[in-house]
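Participant: predicted structure and sequence below. I'll ask about it afterward.
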Amino acid sequence: KKPTMKETEPINLKCFHYSIHGKKHLSNSSVEIQDVKISETETEKGLVVLNDLKKDEIIYIYSNPLLDKPTKYTLQISSNGHIDAATDWKYFNHSCEANCEVVVPESNEKLNYGEYASLIIRTIKPIPAGSQLSINYFCTEYDMATPFPCGCGAPTCKKTIQGYKYLTVEDKASLVPKPAYYLK
């Protein structure tokens, strides 16, 4: 069982709250203290939402230069490109049963290294206040630069997070959310 998370300093995470249907929830500005905090246990830090979120809310839009090599803190966003996540959003931890998904525009595929690429993170189910935000790294990463043991505790836990490439055909077919376009 995971230790209880404790709150740390509030973060100033650039975040945009829109529903998929275009209804604006918050202004295009930084998250207020009451919305998201970085919380930590003895072994990890994570983003904890302090207000309830509905399914299909876009909670984060991020843009950074396209990189050609993965690192521990990059996220794959095209067939051979990555984006640096070494900001507060690196605390979107992995879960084999994630509550958010990374939406990667196919337009990233046409970019040259150094040009700005983007991604969107949205909820895939309602998320109650106090819950940690999570994404499924298998849905974006083909072959991770730094594999690690999974501690999500989900019934469907894969135990080792190393990339889509290492999943069985059955595991690939059952991924939730669905994998990014470049992994299919």
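Facilitator: Yep, it's here.
Participant: contacts and neighbour counts: CA atoms only from here.
Facilitator: Fine.
Participant: and the gap between the most centrally placed residue in the chain and Gln76?
Facilitator: With distances taken as Cα atoms, centre = their mean, Ile135 lies nearest the centre of the chain, 4.0 Å away. From Ile135 across to Gln76, the span is 13 Å (Cα to Cα, to the nearest Å).
Participant: ditto for Met144
Facilitator: Distance, Met144 to Gln76, by Cα to Cα: 9 Å.
Participant: of those two, which one has the most company?
Facilitator: More crowded of Met144 and Gln76, by other Cα atoms under 10 Å: Gln76, with 27 against 21.
Participant: who's the residue nearest to the more buried one when sequence neighbours are not counted bridged to?
Facilitator: Nearest non-adjacent residue to Gln76, counting by Cα to Cα, 6 or more residues apart in numbering: His82, 4.2 Å away. His82 forms beta bridges with Leu67, Gln76, as assigned by DSSP bridges.
Participant: so Leu111 sits against Pro105, correct?
Facilitator: No: using Cα atoms under 8 Å as the test, Leu111 is too far from Pro105 to be in contact (11.2 Å).
Participant: so where is the chain shaky, pLDDT-wise?
Facilitator: By pLDDT under 70, the low-scoring segments of the chain are 1-34.
Participant: try it again with 80
Facilitator: For the chain, residues meeting the criterion pLDDT under 80 lie at 1-36, 41-43, 86-89.
Participant: and Gly46, how close does it get to Ile38?
Facilitator: 5 Å.
Participant: ditto for Ser174
Facilitator: Ser174 is 30 Å from Ile38, by Cα to Cα.
Participant: and if you look at Gly151?
Facilitator: Taken as Cα to Cα, the span from Gly151 to Ile38 is 18 Å.
Participant: neighbour count winner among the two?
Facilitator: Ile38 (21 against 16).
Participant: follow-up on the earlier one: shared neighbours of Met144 and Gln76, which are they?
Facilitator: Pro70 (Cα atoms under 8 Å, 6 or more residues apart in numbering).
Participant: got a list of contacts for stretch 52-72?
Facilitator: Here stretch 52-72 makes contact (Cα under 8 Å, 6+ apart) with 14-20, 76, 80-84, 111-129, 144-146.
Participant: next: stretch 120-133.
Facilitator: Among residues not part of stretch 120-133, those counted as contacts by Cα under 8 Å, 6+ apart are 46-62, 92-93, 98-104, 177.
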